[in-house]
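Chemist: please find the sequence and the predicted model below.
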Amino acid sequence: MDYYGCLQLCLEEVANGLRNPVAMVHANDGTHRFFVAEQVGVVWTYLPDRSRLEEPFLNISKAVLTSPWEGDERGFLGIALHPNFKHNGKVYVYYSVEIGFDEIIRISEFRVSSHDTNTVDHSSERIILEVEEPASNHNGGELLFGPDGYLYIFIGDGGMAGDPFGKFGNAQNKSALLGKVLRINVNHNDHGPLYRIPPDNPFVNEVAARPEVYAYGVRNMWRCSFDRGDPITKEGKGRLFCGDVGQNKFEEVDIVEKGRNYGWRAKEGFSCYDKKLCANSSLDDVLPIYAYPHKVGKSVTGGYVYRGCEYPNLNGLYIFGDFMSGRLMSLRENRDTGEWQYQEICMGTGQTCMFPGLINNYYQYIISFAEDEAGNRGWLKSGTTEKGRLCPLQQHLSFLPSSSCWGGRVVQMTPLQVPLQAPVGRLEMTSSHIPAWDPGQRGDYGGGGGLKDHDVHSTSLVLKGQFLQDVHPVRTYISGPYGVKHRV
């Protein structure tokens with residue numbers, strides 16, 4: 001945290017030249033591949049070394065309805081891999097199509113090619129669900145598999161302004177799929193129905209309601225995620241966070257729960273939008289955990305709760321952003337009060353991760369967030385003319401984690417003493433110089449810290465970028481690769 005109270009995170013660009021990259025998912029099959037989807041309908045495969053394969057994983061650009069306009073809300077909007085993707089190769093996508101004069105939201109299933117797991121068999125497409133879209137905006141676009149194995153679909157209210165459809169709007173009408181969070185079962189669908197209704201969906205016994213509806217009263221949820229839970233205690237596991245884009249005053253962040261009403265169009269954020277609906281005491285609205293006015297930003301992009309290994313003291317921090325203003329923001333829950341506390345994120349750039357002081361680095365058009373298999377976070381910046389990019393978030397060096405991952409699991413920190421040998425001098429530890437110390441690997445590594453004359457053995461904490469002068473000779477390591485440079 002800097003003097004002005006913002007949380008300092010560093011940016012590292014790992015992919016560029018993308019056309020409106022709207023989503024990224026990891027393979028979760030041990031290959032450490034990840035797939036980045038462009039709004040035009042092309043999905044690219046990236047390998048663990050961050051190189052991109054020449055042939056796309058999926059290309060349905062000829063079928064996708066979109067335009068070159070950077071603000072177009074149609075197009076290829078979401079992708080989710082089946083939890084059993086490693087074995088069944090099933091991929092689910094959310095995209096806009098035009099049929100005659102109608103604009104349609106389509107949810108389709110594809111299978112990976114039997115000859116090449118880095119490409120999809122385009123002939124395998126099966127249309128799971130289609131929803132007519134009355135306008136070109138508020139298309140939603142998120143697809144997620146939940147911890148329960150069901151597919152969650154997030155659909156906007158149908159567009160225009162103020163959800164003007166019918167007496168109460170689409171979002172409050174449980175017989176419409178627009179303005180809803182849907183939950184369906186696509187498991188074991190090779191024969192029979194393409195999807196089934198989970199028996200515990202909240203409105204299966206309500207005659208006038210669509211049984212797919214899981215939650216309602218949403219305007220245009222853009223980017224949602226399930227909390228993986230605390231790596232040790234599992235606290236928070238399964239919570240569903242969403243950013244819901246507002247009308248003209250407020251943006252909001254919600255925790256979505258089964259059967260709940262999230263207020264639109266009666267409410268926008270914490271405030272009334274439709275005064276008549278807002279006065280209706282029968283509306284059991286769920287208030288957002290956080291809302292911000294349009295002087296801060298005008299289009300929320302939902303993010304993730306950090307549960308990664310690299311920066312454990314960020315554990316439990318919900319990181320999100322705003323598409324229009326380019327702000328990165330965070331929320332942390334106060335366990336005593338249940339309230340969520342806001343903190344802006346300052347973004348540093350460059351090899352030294354410099355921060356601009358009073359003027360924060362903002363990056364307009366933060367269109368989505370992503371996580372890798374380990375739970376580490378990044379964000380996607382849009383750009384229609386191959387200016388989109390993927391940027392992982394890294395923590396500033398002023399923070400010392402209190403726990404770390406080891407061998408694929410999270411453990412409480414225990415002291416690990418590593419003797420370093422070097423002549424008298426000054427050591428600079430970085431993450432880019434060779435030789436590097438890697439936990440779990442044997443080898444001789446030059447270096448030392450806190451040295452005195454004729455003292456060639458010492459044990460010190462190695463932090464990326466730290467000068468080891470006048471430090472206590474015994475400290476604790478955190479996991480990760482480290483380089484050693486000796487200066488005399």
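Modeler: Structure's in. What do you need? This one's a predicted model, so the numbers in the text were calculated from it and none came from an experiment.
Chemist: could you use CA atoms for every contact and neighbour count after this?
Modeler: Noted.
Chemist: what count of nearby residues applies to Glu103?
Modeler: Glu103: 18 surrounding residues under other C-alpha atoms under 10 Å.
Chemist: a strand runs through it, doesn't it?
Modeler: Yes: counting by DSSP: H, G, I helix; E, B strand; the rest coil, Glu103 is located in a strand.
Chemist: show me how this structure divides into domains.
Modeler: 7-405, 415-488 (automatic domain parsing).
Chemist: give me whichever of these is most buried.
Modeler: Ranked by mean neighbour count under mean count of other C-alpha atoms under 10 Å, those are led by domain 7-405, which reaches a mean of 19.
Chemist: what about that domain, average pLDDT?
Modeler: Average pLDDT, domain 7-405: 89.
Chemist: straight-line length of stretch 322-332, end to end?
Modeler: 17 Å (C-alpha to C-alpha, to the nearest Å).
Chemist: with stretch 194-205 instead?
Modeler: 21 Å.
Chemist: in what helix or strand does Trp44 lie?
Modeler: Per DSSP states H and E: Trp44 is located in strand 42-46.
Chemist: other SSEs contacting that strand?
Modeler: Using 3 or more C-alpha pairs under 8 Å, 6 or more residues apart in numbering; DSSP states H and E, the elements in contact with strand 42-46 are strand 34-38, strand 58-59.
Chemist: quick one: the first one to strand 42-46, angle?
Modeler: Spelled out, it's strand 34-38. 150 degrees (axes from the mean of the first three to the mean of the last three C-alpha atoms, to 10 degrees).
Chemist: nearest to Gly162, of the helices and strands packed on strand 42-46?
Modeler: strand 34-38 (28.8 Å; C-alpha to C-alpha).
Chemist: what about the strand holding Trp44, distance to the chain center?
Modeler: Remark: strand 42-46 is offset 17 Å from the chain centroid, using C-alpha atoms, centre = their mean, to the nearest Å.
Chemist: got a list of contacts for it?
Modeler: Contact with strand 42-46 is made by 33-37, 52-53, 55-61, 118, as judged by C-alpha atoms under 8 Å, 6 or more residues apart in numbering.
Chemist: what's the closest of those to Asn315?
Modeler: Phe34 (22.7 Å).
Chemist: ok, that closest one touching Met24?
Modeler: Yes: the pair Phe34 and Met24 passes the contact test of C-alpha atoms under 8 Å, sitting 6.9 Å apart.
Chemist: let me see the ranges of the strands in the stretch 51-200 of the chain.
Modeler: Counting by DSSP state E, counting those that start in this stretch, one finds strands in the stretch 51-200 of the chain at the ranges 58-59, 76-81, 90-99, 102-112, 120-133, 142-145, 151-155, 180-184.
Chemist: can I get those strands in CSV including distance to Lys237?
Modeler: Converted to CSV, these look like this (distance: least, C-alpha to C-alpha, whole Å):
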stretch, distance to Lys237
strand 58-59, 31
strand 76-81, 19
strand 90-99, 23
strand 102-112, 27
strand 120-133, 28
strand 142-145, 14
strand 151-155, 16
strand 180-184, 18
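Chemist: what's the closest of these to Ala279?
Modeler: Closest approach to Ala279 among those (C-alpha to C-alpha): strand 180-184, 21.8 Å.
Chemist: that closest one pairs with which strands, and in what direction?
Modeler: Each strand paired with strand 180-184, and its direction, by DSSP bridges: strand 151-155 (antiparallel), strand 213-216 (antiparallel).
Chemist: using CSV, list the CA coordinates for the first one.
Modeler: Extracted C-alpha coordinates of strand 151-155, given in CSV (Å, rounded to 0.1, in the frame of the first residue of the first chain):
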residue,chain,number,x,y,z
LEU,A,151,-23.7,-24.9,-16.2
TYR,A,152,-24.5,-21.3,-15.2
ILE,A,153,-25.6,-18.9,-18.0
PHE,A,154,-25.8,-15.1,-17.4
ILE,A,155,-28.2,-13.3,-19.7
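Chemist: list the contacts for Lys258?
Modeler: By C-alpha under 8 Å, 6+ apart, Lys258 lies in contact with Asn201, Pro202, Tyr214, Ala215.
Chemist: could you check how far the first one is from Tyr150?
Modeler: Put plainly, it is Asn201. 11 Å.
Chemist: please apply the same query to the third one.
Modeler: Applying C-alpha to C-alpha, the value for Tyr214 to Tyr150 is 11 Å.
Chemist: find residues that contact each of those two.
Modeler: Residues touching both Tyr214 and Tyr150 (C-alpha under 8 Å, 6+ apart) are Arg183.
Chemist: overlap in contacts of Asn201 and Tyr150?
Modeler: By C-alpha under 8 Å, 6+ apart, the residues touching both Asn201 and Tyr150 are Arg183.
Chemist: tell me the contacts of Asp254?
Modeler: Asp254 touches Phe241, Cys242, Gly243, Asp244, Leu287, Pro288, Ile289, Tyr290, counting by C-alpha under 8 Å, 6+ apart.
Chemist: Three-state assignment for it, please.
Modeler: strand.
Chemist: that one - nearest residue in space that isn't next to it in sequence?
Modeler: Ranked by C-alpha to C-alpha, 6 or more residues apart in numbering and with sequence neighbours excluded, the top spatial neighbour of Asp254 is Pro288, at 4.6 Å.
Chemist: I'd assumed Phe250 was in contact with the one you found.
Modeler: No: applying C-alpha under 8 Å, one finds Pro288 not in contact with Phe250, separated by 10.9 Å.
Chemist: which neighbours do these two have in common?
Modeler: Residues touching both Pro288 and Phe250 (C-alpha under 8 Å, 6+ apart) are Gly269.
Chemist: off-centre distance for stretch 54-74?
Modeler: Distance, stretch centre to chain centre, for stretch 54-74: 21 Å (C-alpha atoms, centre = their mean).
Chemist: could you measure from Leu178 over to Ser225?
Modeler: Relative to Ser225, and taking C-alpha to C-alpha, Leu178 is found at 20 Å.
Chemist: same thing with Val305?
Modeler: With distances taken as C-alpha to C-alpha, Val305 is found 8 Å from Ser225.
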